[in-house]
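>>> pasting the sequence and the predicted coordinates here, then a few questions.
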Amino acid sequence: MQDFQPFEILAGNHDSGMVLLGDHAMNRLPPRYGDLGLPATAFARHIAYDIGIEALTRTLSQRLGVPAVLGGFSRLLIDPNRGEDDPTLIMRISDGAIVPGNHPITAEEWNHRIEAFHRPYHNAVSETIAKTANASGRAPLVLSLHSYTPAWKGIPRPWHAAVLWDSDDRAVRPLLEQLRREPALIVGDNEPYDGALKGDTMYRHCMVSGIPHALLEVRQDLIGDEAGVAAWADRLAPIFQSMNADGALHAYNVHASRTGPYA
């Protein structure tokens, strides 16, 4: 347990003014949890992590020269993209798979997972955002990367990618606009699900502080191998770079909270 790292920070130029996040980048578990009673095949599924996101985030971080924070543990252990008071923080059943190691679970174990894994990850995110803000002299652009399944409950998802958001659309509008310049690309706007989730990573670190942000989902079958990751990195790197150069993103937005240091 002592050697298990709940996050990984990728080096980058903090004065770039951009931070990348990969909440569900990895499917790892600390040794003391074994496999949570699940077969090995479960850890190759989306229930354990966001397929392709670790490689995509690493590639973009290196190409753009920006810092990134990767979650170092499987979402089956505890979900870093949920608030501490969210009842789905530790899943007993995930897409039909019963997780024996999560049920029953004591209050002591629930709190231990928050303190040992969830909070350290979010502390790393907070520190990276603050360090980037201090170095660049402005609220950074925060882009969170996720992936989703090609179908859900037998229903195909036609979107190649999706931009999820709550009420601050500063980074969302240019991201959607640039992605949709490719006629063959189907891009969802808060589809296949809505991005407004109180207490999630974007809410906690960006919404309440007025930091420009967007959450980008890429369909997993499109980034499930090296070729797919390279193609999407080629597509996204210039888009992210142009967004970061847009001073309008860093201006105060009336939808953003005035309570934070960047409002």
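Now that the structure is in, tell me what you want to look at.

>>> please make it C-alpha for all contacts and neighbour counts, starting now.
Fine.

>>> now for Arg75, how many residues are close by?
Residues within reach of Arg75, counting by other Cα atoms under 10 Å, total 26.

>>> name the nearest residue to it, ignoring sequence neighbours.
Ala48 (5.5 Å; Cα to Cα, 6 or more residues apart in numbering).

>>> tell me, what's the model's pLDDT at the one you found?
Ala48 is assigned a pLDDT of 97 by the prediction.

>>> quick check: it vs Thr149, distance?
12 Å (Cα to Cα, to the nearest Å).

>>> more neighbours: which of the two?
Shown here are Ala48 and Thr149; by other Cα under 10 Å, Ala48 has more neighbours (23 against 16).

>>> who's in contact with that one?
Met26, Asn27, Ala42, Ser74, Arg75, Leu76 (Cα atoms under 8 Å, 6 or more residues apart in numbering).

>>> from Ser147, how far off is the nearest residue to the third one once chain neighbours are set aside?
If I follow you right, that is Ala42. Spatially, and ignoring its direct neighbours in sequence, Ala42 is nearest to Ala48 (6.8 Å; Cα to Cα, 6+ apart). Applying Cα to Cα, the value for Ala48 to Ser147 is 12 Å.

>>> ranges for the helices of this protein?
With DSSP state H as the criterion, the chain has helices at 53-64, 107-113, 119-136, 172-179, 201-205, 226-244.

>>> dump the shortest one to PDB, restricted to CA.
Same thing as helix 201-205. C-alpha atoms of helix 201-205 as PDB (Å, rounded to 0.1, in the frame of the first residue of the first chain):
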ATOM      1  CA  THR A 201     -13.800  16.900 -10.900                       C
ATOM      2  CA  MET A 202     -14.800  19.800 -13.200                       C
ATOM      3  CA  TYR A 203     -17.300  21.100 -10.700                       C
ATOM      4  CA  ARG A 204     -14.900  20.900  -7.800                       C
ATOM      5  CA  HIS A 205     -11.800  22.300  -9.500                       C
END
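
>>> show me how far it is from its chain's centre.
10 Å (Cα atoms, centre = their mean, to the nearest Å).

>>> can you name the residues in contact with that helix?
For helix 201-205, the surrounding residues in contact (Cα under 8 Å, 6+ apart) are 80-83, 122, 125-126, 144, 196-198, 211, 213-215.

>>> now flag whichever of those is closest to Val163.
Closest approach between the contacts of helix 201-205 and Val163, by Cα to Cα: Leu215, at 5.7 Å.

>>> for the closest one, what are its contacts?
Leu143, Ser144, Leu145, His146, Val163, Leu164, Trp165, Gly195, Met202.

>>> out of those residues, which sit inside strands?
Leu143, Ser144, Leu145, His146, Val163, Leu164 (DSSP state E).

>>> would TSV of the residues you listed with pLDDT and neighbour count be doable?
Formatted as TSV, the ones in strands among the contacts of Leu215 follow (pLDDT from 0 to 100; neighbours: other Cα atoms under 10 Å):
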residue	pLDDT	neighbour count
Leu143	98	21
Ser144	98	22
Leu145	98	24
His146	98	27
Val163	98	27
Leu164	98	23
